[in-house]
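*Asks:* no sequence for this one, just the structure:
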């Protein structure tokens, strides 16, 4: 059986949980608490599983795979149906670019270790830290909204009428934006797609508060 | 013919230039100066090409593709030989995870718009900004070095004995690290792979200082 090292609140873990659910794959949940014990991701046992000391990690048949986008591509290659990526190369490129607009442009600036650096090393106060957080979300969502509006390939979901890779990245990022009270009025397409996703069990069951390690 | 919107110093553009060269693909170079005119990536003409206002963008047969990792995957699907990714799903996942350790964990924290935010909004001085820059490189390279050392799949290059996706990301990131005088003594494997890459024309010719818009 697949194993997923995950933290309930990690949005990279959340992406993979959605992907696993969309594919109907069962997995065992191994919690890694990113704050407890100075961060369990830094424990030597976990470092052997994931030398980057990040969640998530997927274990499949003894192989440890890190990085959420790589994990989702791996799942799509090893369990092709239902597909997370379109069939055609141009469509696949578009779906990946949408996903990466979140995974390479927004989330890396707002993850736990960056927020810790802002606080501990740069001594930023809470207001300045929240401004930073919302700034990168707003910038990234502005790009995404435009990319979605201007393409005929946008459907019920980010690409067409079935949920896929970009949606797996979008929903956790919107959840983060709500935690930090980021105004979303300027992003009607993102909110419409969010509603469509959250109506599906695969997305609903992957939510942070429903995970075994939620507090 | 393929067109690449690129900025000589952009490491995301640099990745794609290497990939195009590895595949022996000719392309026309369209410079986008990220500093001139308040940043030509923000010009309305370019926004139509790339709504995220980022370089690079690849144009193939009228299709505009953004995000360097998506572009490289697209090139690998449309021009399969020589392959940028291994054949097996586990190997592909490993190569992608190595690439994403750079593209999702290091580079997003150090790109131009983040450095501009640190300076303009957070009013950081040059020393604090350089510390920030080197901090994320050192953290990411520490992870990468471990990932490379502990795997039998590491060869002359990041994955096996042919250059691929992870190498396309590694070389531009090492070039950046040198620009900011980041100590690399702790990363002998990265330096060894760098030497192997730079001995190849595909990498050498993609270097920033050899591009038509270099200053």
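*Replies:* Done, it's in. Remember, it's a predicted structure, so these values are computed and weren't measured experimentally.
*Asks:* And for the longest helix belonging to chain A, what's in contact with it?
*Replies:* The single longest helix within chain A, with elements called by DSSP state H, is helix A:126-149. Residues from elsewhere that reach helix A:126-149 (C-beta atoms under 8 Å, 6 or more residues apart in numbering or on different chains): A:97-98, A:101-102, A:105-106, A:109-110, A:115, A:118-119, A:124, A:154, A:158, A:170, A:173, A:176-177, A:180-184, A:186-190, A:193, B:47, B:51-54, B:113, B:117, B:121-122. To be clear about C-beta, it is placed using only N, CA and C from the backbone, and glycine gets the same treatment.
*Asks:* Please flag which of these sit within helices.
*Replies:* Per DSSP H, the contacts of helix A:126-149 map to helices at A:97-98, A:101-102, A:109-110, A:115, A:118-119, A:170, A:173, A:176-177, A:188-190, A:193, B:47, B:113, B:117.
*Asks:* Now the buried members of the residues you listed.
*Replies:* A:97-98, A:101-102, A:109-110, A:115, A:118, A:170, A:173, A:176-177, A:189-190, A:193, B:113, B:117 (16 or more other C-beta atoms under 10 Å in any protein chain shown).
*Asks:* Let me know the outermost residue of chain A.
*Replies:* In chain A, residue A:123 marks the outermost C-alpha relative to the chain mean, sitting 27.6 Å out by C-alpha atoms, centre = their mean.
*Asks:* which residues touch that residue?
*Replies:* Applying C-beta under 8 Å, 6+ apart, no residues qualify as near residue A:123.
*Asks:* Need the pLDDT of residue A:25.
*Replies:* Residue A:25 is assigned 98 on the pLDDT scale.
*Asks:* now chain A, which segments are flagged as low pLDDT?
*Replies:* Applying pLDDT under 70 to chain A picks out no residues at all.
*Asks:* Show me how the record splits it into domains.
*Replies:* A:2-82+A:203-210, A:89-200 (automatic domain parsing).
*Asks:* Looking at these, which is nearest to residue B:29?
*Replies:* domain A:89-200 (20.0 Å; C-beta to C-beta).
*Asks:* Look up how far residue A:175 lies from residue A:207.
*Replies:* 8 Å (C-beta to C-beta, to the nearest Å).
*Asks:* which neighbours do those two share?
*Replies:* residue A:14.
*Asks:* Test my guess that residue A:166 contacts residue A:98.
*Replies:* Yes. Using C-beta atoms under 8 Å, residue A:166 is in contact with residue A:98, at 3.8 Å.
*Asks:* would JSON lines of the domains of chain A with distance to residue B:70 be doable?
*Replies:* Below are these laid out as JSON lines (distance: least, C-beta to C-beta, whole Å):
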{"stretch": "domain A:2-82+A:203-210", "distance to residue B:70": "10"}
{"stretch": "domain A:89-200", "distance to residue B:70": "4"}
